[in-house]
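# Below is the sequence, then the predicted model.
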Amino acid sequence: MHHQRSPFFMVALGVLIALALIAIGGVSGGSGMPELTRRFAAQPPAPDDLTLHLPQIEAPQAPPDLLRVVDELHNRLTGGRVAPALTPTVVGPRIEVHVSDLRRRGEQIMVRGSVRNIGDRAVTIPPGAFTFRDSRGVRYATASSGGAILAPGDATDFEFTVPAPDGRGLMLVVDLPPDPPMEQVLLLEVAGERGGGREAGGARRGARGEA
């Protein structure tokens, strides 16, 4: 068990950032061709999956501001607009991962961002360093070849395509041993009923009936 803080500790700060980005419309669309481009596919669970948090929260325990942001992000994505991640940035011992924006295209989620070497030695980013987990425990991995080598201070852009069903929460996991895995909550699924007996919003309705 690693000692990284729960990713939901970072969601609280991410909610404030997402609120600000939504308010000012400040989600960057990015420019240029990303160096790391990957298509992910659903995979059988891995042995370490049980140690990871799932990107899901129960409606009765969710703060109103968080529910509002989750609804707004869901509405943006289903409307074909760019949306910010709930946790835009995570920092590990050697790298910093920043997710600049999310966009839904049909049955796929496009995840764009960058990874930066914040250490004092070169870092190799292998193809399998990035995986995703959704709120139902499904794991998404890539069989793509090629990676990146980052000198101290260098960064590279990425664009990932994930076949995550509409309404599910999504978490990016970056694993660069011997460092502990970095968990980055991008989207949350709200489960259960909200106040007044109302069922959780569009995220819950969109996921109903799916495995």
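All right, it came through fine.
# I'd say R121 and L150 touch.
No - counting by C-beta atoms under 8 Å, R121 does not reach L150; the two are 10.0 Å apart. (Each C-beta comes from the backbone N, C-alpha and C, glycine too.)
# These two - which one has more neighbours?
A side-by-side neighbour count of R121 and L150, using other C-beta atoms under 10 Å, places L150 first with 22 against 9.
# Leaving out chain neighbours, which residue sits closest to that one?
N117 (3.9 Å; C-beta to C-beta, 6 or more residues apart in numbering).
# Double-check the one you found against P152; I have them as touching.
Yes - using C-beta under 8 Å, N117 is in contact with P152, at 5.6 Å.
# more neighbours, the two?
N117 (22 against 13).
# Contact partners for that one?
Residues in contact with N117 (C-beta atoms under 8 Å, 6 or more residues apart in numbering) are 94-95, 123, 150-155.
# on that earlier part again, is the residue nearest to L150 in a bridge, and if so with what?
I95 (DSSP bridges).
# Show the pLDDT at it.
In this model, N117 is scored at 97, pLDDT.
# again, but for G201
44.
# Check the one 5 residues further on too.
In the predicted model, G206 carries a pLDDT score of 40.
# go on, D65?
Looking at D65, its pLDDT is 82.
# tell me which element L54 falls in.
Taking DSSP states H and E as the definition, L54 sits outside all helices and strands.
# Provide the backbone phi and psi angles at it.
phi -100, psi 140 (degrees, to the nearest 10).
# Excluding chain neighbours, what is closest to it?
S135 (5.4 Å).
# Strands of the chain, residue ranges please.
36-39, 41-43, 56-58, 89-91, 95-105, 108-117, 123-125, 130-134, 139-141, 148-150, 155-162, 170-174, 182-187, 189-191 (DSSP state E).
# List the buried residues in the fifth one.
By 16 or more other C-beta atoms under 10 Å, the buried positions in strand 95-105 come out as 95-104.
# Surely V185 is in contact with V90?
No - the criterion here is C-beta under 8 Å, and V185 misses it with V90 at 9.3 Å.
# quick one, which of the two is more surrounded?
Between V185 and V90, counting by other C-beta under 10 Å, V185 is the more crowded of the two (26 against 21).
# In terms of pLDDT, where does the more buried one sit?
pLDDT, read off for V185, is 93.
# How about the contacts made by the nearest residue to E96 once chain neighbours are set aside?
Sequence neighbours aside, R116 is the residue nearest to E96 in space, at 4.6 Å (criterion: C-beta to C-beta, 6+ apart). Going by C-beta under 8 Å, 6+ apart, R116 touches 95-96, 98, 150, 153-155.
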